[in-house]
Every structure is written in structure tokens, then in C-alpha cells.
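Chemist: okay, here's the prediction I keep looking at, along with the sequence it came from:
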Amino acid sequence: MRNRFQVIGFFLAFLGSNIAFGQTSKIVSGSIDFKVKYILGTCEGTFAAPKGEAIFNEKSPENASFDIKIAASTFETGNDSRDKDMKSDKYFAVEKYPNIHFKSSKVEKKNGQYEATGKLTIRDVTKSVTLPFEAKKNADGTYALASKFEINRLDYKVGTKDWKLKDVVTVDLKAIIK
């Protein structure tokens, strides 16, 4: 009888800890904007909202995790010719590599800001990255997440070295998780 109560107690403690540490949520909306400098100024564009799952609770960031995908084919700059070129094998190769993917392995809070460390995959290249982000709990219980970071496009074989186009791209990612 005592063993049964210990098992039930362990199960309830485990269940309670999962509730306290956060629950799996879906990304319900968001936006992704980017900027890259080129010879004529700055090219600005967007991708469709990220999709995926997240576990997050500001009281226990060490138990958080993110698994986010961005459809590479949703790349838009407002210039049809440029967008078609960027989706080709020369840049994103969206036919072969339809998603940009980030999967966290560690989340922590440092200096009042959160950081998610994990693997970022673009095309057929996967690299470890640490992405800073802010999180705000909304009145409806959702979380608004925002991350602004830079990546070197050449690290992921997005194009080649070109004097007309800078290597570093600034990304501004926003997501609402519920």
C-alpha cells in the first residue's frame, strides 16, 4: 500500500513540475523581417510567420525549448525578379531545402535577457548559434517573443562572396506562443 502511495505521489509531483515549468505551446502568429546592405542601399524583406512548438515559462527558463521552422519559399522583398533568384539553387534552394530550422538545446537568462542556444539549419548547413530574445507574458496568457540577431549568409551557403552584397544579414523575428 505504501509503495502505491509513493508511486502516486511521484506521478503527481512529476505532473506538477511539468505544469510549473511550462507546457508545450504552438506558435500562433509572428513575423520575420530581414535587412542586408547592398551596393544601392539596404534590401529589406520578410518571410512568413514562423511555425513550430515552444515550451516557455519565465520562472524556469532552463526548462524552455524551441523547435521553429520558417518556410524558405516565403522569402519576399517586393521585387519579383530578385525573389525568384533568391529562391533558386544559387541562394536558398527552396526546392531542395524548404525550411529554415532552429531547435534549441539550452535556454537561459543572462543580464536580464534570455538566450536560446541550439542548431540553426539553412540549406544543408547546420551550425550552433545563440539567439538573444525577450519574452513578455500577455494578459491572455500567451507569450510574445522577440529576437533580433545577425547571421553571415555565407556561413550557410546563401549565395557567394559578392562585392555588391554584404555578407551579414540582420534578422528580426517575432512570435506569439499559446
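Modeler: Thanks, I have the structure now.

Chemist: now the closest residue in space to residue 142 that isn't next to it in sequence: how far from residue 117?
Modeler: In this structure, residue 142 finds its nearest non-sequential neighbour in residue 178, 4.6 Å apart by Cβ to Cβ, 6 or more residues apart in numbering. From N, CA and C alone the C-beta is placed, and that goes for glycine too. In this view, residue 178 and residue 117 are 24 Å apart by Cβ to Cβ, to the nearest Å.

Chemist: strands paired with the helix or strand where residue 146 lies, and their directions?
Modeler: Element membership for residue 146 (DSSP states H and E) is strand 143-152. Here strand 143-152 is paired, per DSSP bridges, with strand 125-137 (antiparallel), strand 168-177 (antiparallel).

Chemist: please identify the most buried of those strands.
Modeler: Per-stretch averages of neighbours, counted by mean count of other Cβ atoms under 10 Å, single out strand 168-177 among the strands paired with strand 143-152, with a mean of 18.

Chemist: off-centre distance for that one?
Modeler: Put simply, strand 168-177 sits 7 Å off its chain's centre (Cα atoms, centre = their mean, to the nearest Å).

Chemist: that older thread, distance of the residue nearest to residue 142 from residue 74?
Modeler: Counting by Cβ to Cβ, the gap from residue 178 to residue 74 is 21 Å.

Chemist: so these two - more neighbours on which side?
Modeler: In this view residue 178 and residue 74 are compared by other Cβ atoms under 10 Å, and residue 74 has more residues nearby, 16 against 13.

Chemist: could you pull out the helices for this structure?
Modeler: Under the criterion DSSP state H, the chain contains helices at 2-21, 80-87.

Chemist: elements contacting the shortest one?
Modeler: So the one you mean is helix 80-87. Contact partners of helix 80-87 among helices and strands, from 3 or more Cβ pairs under 8 Å, 6 or more residues apart in numbering; DSSP states H and E: none.

Chemist: hang on, the earlier thing: distance to residue 43 and mean pLDDT added to the strands paired with strand 143-152, as CSV?
Modeler: Putting these into CSV (distance: least, Cβ to Cβ, whole Å; pLDDT from 0 to 100) gives the following:
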stretch, distance to residue 43, mean pLDDT
strand 125-137, 21, 96
strand 168-177, 9, 97
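
Chemist: of all those strands, which one comes closest to residue 103?
Modeler: Residue 103 lies closest, by Cβ to Cβ, to one member of these: strand 125-137, at 9.5 Å.
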